[in-house]
Every structure is written in C-alpha cells, then in structure tokens.
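I need the structure of the sequence given here:
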Amino acid sequence: MKKLEREMIDQFNLKYDREAIHIPYRFSTYDGLDDDYVIEAKGRNKDYQTCMIEWKKLVSNESVAQIDDKTFIYLVSPIPYTTYFVFDVSKLIDADYNFGWHYRWLSKNTEFGKKKELELKYVGYIDKKDAVDTFRT
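Residues are numbered from 1 along each chain as shown. Now for the predicted structure:
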C-alpha cells in the first residue's frame with residue numbers, strides 16, 4: 001500500500017471513529033478493512049467532478065463485502081489531498097447507479113518514477129454529488 005492510501009485510511013478512522021486496518025499486501029484489491037467496511041482508498045493527481053473507478057476493483061471489493069456482510073466504501077481524495085469524498089459503492093450498486101462503463105487505455109500503474117505502460121481498463125465514474133459524505137482535514 002502506498003503511503004497516501006495509508007494516510008487516507010487513518011483520516012477515515014479519525015473522522016468516523018473507526019479502527020479500519022491497513023492492508024499491506026501488494027496485490028490486495030482494497031486498502032482498509034474493519035468490522036463493517038471494505039475500503040478502497042484512491043488519491044488522485046487531478047480534481048474532476050467525477051471519480052474514476054475500475055470495474056475489476058468494484059467487482060472484487062463488492063464481492064468481498066457481500067461475502068463478509070460488509071459495505072464497500074470508495075474513499076477518494078484529489079490533490080492536495082485535504083478533501084475526502086466517501087462513496088457507498090454497495091448502495092450505488094443496489095440503486096442501479098449508472099457508472100457509464102467503458103474501456104480506456106490508461107497507465108498500467110500510477111507509481112511515480114515507473115515507466116508508463118498502457119493497458120486497456122474497463123472503468124466507470126461516480127459523480128462527487130453522489131458521495132454519502134465529504135470531509136476536509
């Protein structure tokens with residue numbers, strides 16, 4: 001897990017008085033976990049009205065949430081990483097939310113300093129107005 005995602009989980013815990021643990025495994029599809037939530041944290045280098053989410057992350061994390069009777073939370077913080085948007089993805093799925101799924105060529109990873117390899121990803125978007133909460137640090 002990248003340092004930013006770890007800090008985002010810490011801020012989530014502070015804001016909501018939670019004890020989500022950080023998932024340190026490189027290939028985990030989620031970044032945090034507690035008794036009620038499966039949490040994917042994503043820092044974004046640009047601030048847009050919509051937040052991109054990958055299909056494979058949504059399906060994997062929602063599956064874990066359903067199996068463990070939890071809620072899948074998508075926590076997004078655009079640069080300068082002081083505002084947090086909290087999306088209840090499980091609730092959006094239940095409401096047949098229109099994610100606008102489509103394929104895009106995107107960077108294989110977002111690690112700085114790594115060679116930019118592109119891969120075709122199936123992605124959708126969640127409008128910030130559909131966040132269940134927004135908070136600042």
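
show me the helices in this structure, by range?
3-16, 55-67, 89-94 (DSSP state H).

outside of the last one itself, list whatever touches it.
Under the criterion Cβ atoms under 8 Å, 6 or more residues apart in numbering, residues 53, 58, 61-62, 65-66, 71-74, 99, 126, 130, 132 lie in contact with helix 89-94. In short, each C-beta sits where N, CA and C put it, glycine included.

buried residues in it, which are they?
Burial within helix 89-94, assessed by neighbour count using 16 or more other Cβ atoms under 10 Å, is assigned to 89-90, 92-93.

biggest separation within those residues, which pair?
Of all pairs drawn from the buried residues of helix 89-94, the greatest distance, 7.3 Å, lies between Ser90 and Leu92 (Cβ to Cβ).

most neighbours of all the contacts of helix 89-94, which one?
Using other Cβ atoms under 10 Å as the neighbour test, the contacts of helix 89-94 are led by Ile73, with 27 neighbours.

touching, that residue and Lys42? I think so.
No. Ile73 lies out of contact with Lys42 (Cβ atoms under 8 Å); the separation is 11.3 Å.

need the contact list for the residue nearest to Gln49 when sequence neighbours are not counted.
Nearest residue to Gln49, sequence neighbours excluded (Cβ to Cβ, 6 or more residues apart in numbering): Lys128, at 5.8 Å. Contacts of Lys128 were listed using Cβ under 8 Å, 6+ apart, and they are 49-51, 85, 134.

same deal with Asp47?
Going by Cβ under 8 Å, 6+ apart, Asp47 touches 78-79.

next one: the residue nearest to Gln49 relative to Asp47, how far apart?
To Asp47, Lys128 is 9 Å away according to Cβ to Cβ, to the nearest Å.

on that earlier part again, which two among the contacts of helix 89-94 are spaced furthest apart?
Spanning the widest gap among the contacts of helix 89-94 are Gln66 and Asp130, at 20.5 Å by Cβ to Cβ.

need the contact list for Glu62.
Each residue near Glu62 by Cβ under 8 Å, 6+ apart is listed here: 72, 89-90, 93.

okay, those in a markdown table with pLDDT and distance to Tyr25 next?
A markdown table is the format used below for the contacts of Glu62 (pLDDT from 0 to 100; distance: Cβ to Cβ, whole Å):
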| residue | pLDDT | distance to Tyr25 |
| --- | --- | --- |
| Phe72 | 98 | 18 |
| Val89 | 98 | 21 |
| Ser90 | 98 | 22 |
| Ile93 | 98 | 24 |
